[in-house]
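A.B. asks: For reference, the sequence and a predicted model appear below.
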Amino acid sequence: LIKFMATANRGRGAADEDADDVYTQGSELAMTKSILDFLNKPPFSKNLSLVNFDAYDGPALLQLLNDVLSEISPDHKMNLREEDPEQTIVRILGLLRVLKYKPTNQPGGGSFRQNLVQGSKEAIYPLLHWALKRLPELTKRAYLARYLQKIEVPPEIMQDDEVQTAFTTYNNVLENFKELHKQVDSLRASGVTAADVKKDIASMEEEREQLKKRLERLRKKVESIPGHEKMLAAAHGLRVEMEREEAIATSRMEQKNQMMLAEQRLQKLGQELREARASSFTGGVDGLIARIEEDVKMNTYLTTEKLPQAIREKEKHLGELQKVADEPALQPQDINLLHRRIQDVTAECNSLREKQMTRQDGGDDKLALFRQQAGLIARKKESTSERLQEIISELEQLQAQQPARKGPSTDDLQKLVTKLRIKSNDYKTKKLEISELQAEHLVLARTEEILRARDAAVRSRISDMESKHGVAGFQDAQENLEKVSSLKSTMDERKGKTLEDISQMVATLTKKIDSKKSELSPIIRELRAVRTQAQELETEYEEKKSLYDSTAAGLDSARARLDQDVRVLTEEVGGEETRWHALQIQQRLLQTQAERAQREMQAYVGATAAQRRSHREALNKKVQEQEAVGKTLRDRQKAIKDTHQPGLRQLDIWRNLDRLLACKLRTTQGVAPAPAGEADRLVL
């Protein structure tokens with residue numbers, strides 16, 4: 001899997017380009033929102049919106065990136081306008097190398113360094129998102145890198161004793177720094193801060209002062225009592241006896257614990273003694289020795305074969321996991337590619353196993369049976385050892401969970417001995433059957449060996465008889481010759497046909513090649529000249545391109561710096577123009593006020609006492625007149641409000657009357673005049 005992952009990472013070209021092309025607006029918007037969330041929080045507190053952040057150009061984005069990196073490493077806190085662009089890029093790339101940042105593939109095929117110089121969003125946005133998301137971790141890494149980066153000393157310089165001593169001291173200081181940093185991290189993780197410790201110390205100091213004051217008051221109070229010295233001596237003796245009593249109680253508790261431990265150990269030893277006696281009842285001393293030998297063999301197997309193999313497997317698994325952790329994050333297409341490759345390799349392994357099995361089945365492998373038996377025994381041995389380890393772990397857990405108890409009684413011991421005897425008899429019977437089967441197996445194996453030996457002897461006798469008559473291997477040779485002759489005839493026929501076909505094909509190809517050579521010879525001559533010219537142009541192009549790239553990078557950085565300066569100066573000019581207009585308006589207002597004050601002063605000096613009225617008095621008079629007008633208008637408004645509703649009703653009445661009169665008029669105009677003697681009447 002590790003090899004597949006490495007291969008996938010090396011050959012990720014096309015898949016990564018396709019994945020980078022699918023750089024959707026949704027993912028970019030989510031990344032931008034995440035960056036803004038981090039930047040709007042302390043310690044940055046930029047208070048940026050999506051519109052403002054999107055309006056940032058190359059130099060502004062580089063400055064923002066430098067601000068974030070300066071929060072990680074304070075050494076990088078500076079204004080980029082005061083630093084050379086090349087030095088800025090080298091400094092940022094050096095810090096990113098320390099932080100182990102792996103840039104993503106850049107859209108458009110550009111390099112990360114070039115996009116970083118230009119302040120491209122495709123390079124800076126992922127870097128900002130990565131740095132802000134891991135800010136505490138990267139801050140710690142940058143802090144440690146400042147002190148833990150080892151100095152590379154050449155071997156020829158290390159041969160000096162003083163340099164070697166200094167380098168050893170340097171390594172020791174680094175190790176001490178690591179230990180102290182681990183202790184500081186553990187203290188910080190424990191939740192105890194310096195402020196809490198200072199607070200506790202302050203509270204303890206305060207309590208000590210209170211106790212001192214209390215002791216002074218009690219001392220003064222006791223000194224006024226007659227015979228206080230005897231009472232103090234008695235109190236001192238009481239305190240000593242109480243401390244002695246407490247020490248005796250503690251010692252008694254410790255002795256009780258030791259006694260309980262001794263009782264448990266005694267019970268354990270008694271249990272082992274009973275087990276040893278029970279085993280001696282069934283097998284005697286020989287059985288006990290055999291059991292001990294089996295235990296020794298099992299422990300030897302576990303320590304020499306099983307445990308080293310398990311350790312190697314764990315180390316191998318750990319190395320694979322470390323390689324996987326060091327690799328960059330896999331994309332879904334990489335995982336699918338790995339799955340497909342795993343399936344292909346699995347199918348290839350299965351086919352190889354099938355071929356191996358067919359070869360073993362088809363051949364005469366005399367050791368195949370023994371290999372199978374050895375494999376079965378090894379697997380059985382491994383499974384038995386694993387089962388033994390599981391049983392031992394379960395037994396330890398049960399012993400830890402089970403409280404201490406007394407050993408079995410005599411009746412239980414007799415029953416246990418009886419059961420062991422029955423099981424021992426069964427074991428002996430089964431063992432006898434197994435030995436008989438093993439003996440039969442040996443007899444059969446010996447029979448097979450004898451038959452094989454006889455077969456070989458018969459074959460050798462036949463070969464001797466053939467050799468005596470001078471026809472050793474005659475029949476086999478004749479059969480082989482017939483087969484070879486038949487094969488040779490068929491092969492000769494095939495060779496003849498093949499040679500004729502090849503000769504015809506060679507003739508046709510020769511004709512075609514000659515015709516093509518005659519046709520292509522002038523074109524080839526032209527092509528050689530053009531190829532030489534193309535190589536010269538390509539060399540010149542490469543030189544001009546490298547010169548152009550370096551010049552463009554320098555001009556871009558200079559232009560970016562000038563744009564930033566122009567923007568700052570434009571903002572300053574706008575502010576100064578605004579300030580100038582405000583000052584002009586303020587100057588005009590002050591001139592107007594000064595002219596008005598001058599006119600008023602002249603009017604005041606040239607007028608009589610009755611005519612000396614200030615501008616304020618004139619304004620007050622106008623204000624009073626306007627207030628009088630306003631009062632009159634308010635009275636009129638009030639009168640209108642009072643007569644508004646009756647006026648509306650009167651207006652409705654007159655409108656209705658006008659409507660009735662108009663209707664009457666239209667009615668009377670269409671009727672003949674009334675007879676004489678009758679008066680015209682209007683009926684309402």
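C.D. replies: Received it, and whenever you're ready, just let me know what you need.
A.B. asks: Show me what the longest helix along the chain is packed against.
C.D. replies: The longest helix of the chain (DSSP state H) is helix 474-606. In terms of contacts (3 or more Cβ pairs under 8 Å, 6 or more residues apart in numbering; DSSP states H and E), helix 474-606 is packed against helix 58-72, helix 85-98, helix 112-118. (C-beta placed from N, C-alpha, C; glycine too.)
A.B. asks: Would you tell me which of these gets closest to V296?
C.D. replies: Nearest of the helices and strands packed on helix 474-606 to V296, taken as Cβ to Cβ: helix 85-98 at 54.9 Å.
A.B. asks: Just the buried residues of the closest one, please?
C.D. replies: Within helix 85-98, the residues that count as buried by 16 or more other Cβ atoms under 10 Å are 85, 88-89, 91-92, 95-96, 98.
A.B. asks: Which residue ranges of the stretch 101-250 of the chain form helices?
C.D. replies: Remark: helices assigned in the stretch 101-250 of the chain by DSSP state H, counting those that start in this stretch are 112-118, 121-133, 135-148, 155-158, 161-189, 194-223, 228-301.
A.B. asks: Next, format the ones you listed as a markdown table and append mean pLDDT and distance to N656.
C.D. replies: Formatted as a markdown table, those follow (pLDDT from 0 to 100; distance: least, Cβ to Cβ, whole Å):
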| stretch | mean pLDDT | distance to N656 |
| --- | --- | --- |
| helix 112-118 | 81 | 86 |
| helix 121-133 | 87 | 79 |
| helix 135-148 | 84 | 85 |
| helix 155-158 | 77 | 122 |
| helix 161-189 | 83 | 95 |
| helix 194-223 | 83 | 91 |
| helix 228-301 | 80 | 116 |
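A.B. asks: These: which one's closest to H317?
C.D. replies: Closest to H317 of the helices of the stretch 101-250 of the chain, according to Cβ to Cβ: helix 228-301, at 22.4 Å.
A.B. asks: Mind listing what's buried along whichever helix or strand comes after that closest one?
C.D. replies: Downstream of helix 228-301, the next assigned helix or strand under DSSP states H and E is helix 307-326. The neighbour-count check on helix 307-326 (16+ other Cβ under 10 Å) flags nothing as buried.
A.B. asks: CA atoms of helix 307-326 as PDB?
C.D. replies: Presented in PDB, the C-alpha positions along helix 307-326 are these (Å, rounded to 0.1, in the frame of the first residue of the first chain):
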ATOM      1  CA  LEU A 307       7.600 -11.900  20.700                       C
ATOM      2  CA  PRO A 308      10.400 -10.800  18.300                       C
ATOM      3  CA  GLN A 309       8.100 -11.500  15.300                       C
ATOM      4  CA  ALA A 310       5.300  -9.500  16.900                       C
ATOM      5  CA  ILE A 311       7.700  -6.700  17.600                       C
ATOM      6  CA  ARG A 312       9.000  -6.700  14.000                       C
ATOM      7  CA  GLU A 313       5.400  -6.700  12.800                       C
ATOM      8  CA  LYS A 314       4.500  -3.800  15.000                       C
ATOM      9  CA  GLU A 315       7.600  -1.800  14.000                       C
ATOM     10  CA  LYS A 316       6.800  -2.500  10.300                       C
ATOM     11  CA  HIS A 317       3.200  -1.400  10.800                       C
ATOM     12  CA  LEU A 318       4.400   1.700  12.700                       C
ATOM     13  CA  GLY A 319       6.800   2.500   9.800                       C
ATOM     14  CA  GLU A 320       4.100   2.200   7.300                       C
ATOM     15  CA  LEU A 321       1.800   4.400   9.300                       C
ATOM     16  CA  GLN A 322       4.600   7.000   9.700                       C
ATOM     17  CA  LYS A 323       5.100   6.900   5.900                       C
ATOM     18  CA  VAL A 324       1.400   7.400   5.400                       C
ATOM     19  CA  ALA A 325       1.300  10.300   7.900                       C
ATOM     20  CA  ASP A 326       4.300  12.000   6.200                       C
END
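A.B. asks: After that helix, which helix or strand is next?
C.D. replies: Scanning forward in sequence from helix 307-326 by DSSP H and E, the next helix or strand is helix 332-362.
A.B. asks: So which elements touch that next one?
C.D. replies: helix 2-10, helix 13-21.
A.B. asks: pLDDT and distance to G119 added to the buried residues of helix 85-98, as TSV?
C.D. replies: Output for the buried residues of helix 85-98, formatted as TSV (pLDDT from 0 to 100; distance: Cβ to Cβ, whole Å):
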residue	pLDDT	distance to G119
P85	82	10
T88	86	11
I89	85	11
R91	87	15
I92	87	12
L95	86	17
L96	87	15
V98	84	22
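A.B. asks: Widest-spaced pair of the residues you listed?
C.D. replies: Pairwise distances across the buried residues of helix 85-98 (Cβ to Cβ) peak at 20.8 Å, for the pair P85 and V98.
A.B. asks: ok, back up a step: figure out which of the helices and strands packed on helix 474-606 is closest to Q593.
C.D. replies: Comparing those by Cβ to Cβ, helix 58-72 comes nearest, at 45.7 Å.
A.B. asks: just the CA coordinates of that closest one, formatted as CSV?
C.D. replies: Extracted C-alpha coordinates of helix 58-72, given in CSV (Å, rounded to 0.1, in the frame of the first residue of the first chain):
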residue,chain,number,x,y,z
GLY,A,58,-1.1,41.5,-4.7
PRO,A,59,1.0,43.8,-2.4
ALA,A,60,-1.9,44.1,0.1
LEU,A,61,-2.3,40.3,0.2
LEU,A,62,1.4,39.8,0.7
GLN,A,63,1.3,42.3,3.6
LEU,A,64,-1.6,40.5,5.1
LEU,A,65,0.2,37.2,4.7
ASN,A,66,3.3,38.7,6.4
ASP,A,67,1.1,39.9,9.3
VAL,A,68,-0.2,36.4,9.8
LEU,A,69,3.3,34.9,9.6
SER,A,70,4.6,37.6,12.1
GLU,A,71,1.9,36.4,14.5
ILE,A,72,3.5,32.9,14.2
